[in-house]
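1. task: produce atomic coordinates for the following.
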Amino acid sequence: LGLVGCSMVGLGMAESMEQMFAARLLTGAGAAFMMSGATMAVSDMSTPLNRARMLSPIMTALSAGTVLGPAIGGGLMASVGLPQTLYVVGGLFFLNAAVSRAFIPETL
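-> Coordinates of the predicted model:
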């Protein structure tokens, strides 16, 4: 989550296409780490009997974010501008990382 937060702030601060490309590369890597980590953690905390029920909210949230994210981000961008929108998104990812670290137990 922190990697995606950093990449969003980096996108907001980017002054060239190369910097934007590097920030988007970090966003993709962070999103891949985030989803695989979340899936593994939930799989570790569930039993084979309730695994599907435990994983379905994660998949639903991913789908909802894919649908709603561009609409919400586009509206925010139209009202405050692109860099500010990316700073807000980055801040929300940092907040999510802190809350997750505080409340989600470590799994092995």
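
2. show me the contacts for residue 14.
-> Residues near residue 14 by C-beta atoms under 8 Å, 6 or more residues apart in numbering: 20, 23. (C-beta placed from N, C-alpha, C; glycine too.)

3. for it, give me the pLDDT.
-> Predicted confidence (pLDDT) for residue 14: 95.

4. how much space separates it from residue 28?
-> Counting by C-beta to C-beta, to the nearest Å, the gap between residue 14 and residue 28 amounts to 15 Å.

5. so residue 82 touches residue 12, yeah?
-> Yes - proximity of residue 82 to residue 12 meets the contact threshold set by C-beta atoms under 8 Å, at 7.4 Å.

6. which one's more surrounded, those two?
-> residue 12 (18 against 13; other C-beta atoms under 10 Å).

7. leaving out chain neighbours, which residue sits closest to the more buried one?
-> Using C-beta to C-beta, 6 or more residues apart in numbering and skipping the chain neighbours, the partner closest in space to residue 12 is residue 86 (3.5 Å).

8. enumerate every residue touching the one you found.
-> Contact analysis of residue 86 by C-beta under 8 Å, 6+ apart lists 8-9, 11-12.

9. for those, give me TSV that also has secondary structure.
-> Below are the contacts of residue 86 laid out as TSV (DSSP: H, G, I helix; E, B strand; the rest coil):
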residue	secondary structure
8	helix
9	helix
11	helix
12	helix
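
10. quick one: which of those residues has the most company?
-> residue 8 (24 neighbours).

11. ok, that residue - contacts?
-> 23, 27, 86-87, 89-90, 93 are the contacts of residue 8 under C-beta under 8 Å, 6+ apart.

12. among these, which two are most distant?
-> 27 and 87 (14.3 Å; C-beta to C-beta).

13. out of those two, which sits in the busier spot?
-> Taking other C-beta under 10 Å, residue 27 and residue 87 do not tie; residue 27 has more neighbours (20 against 17).
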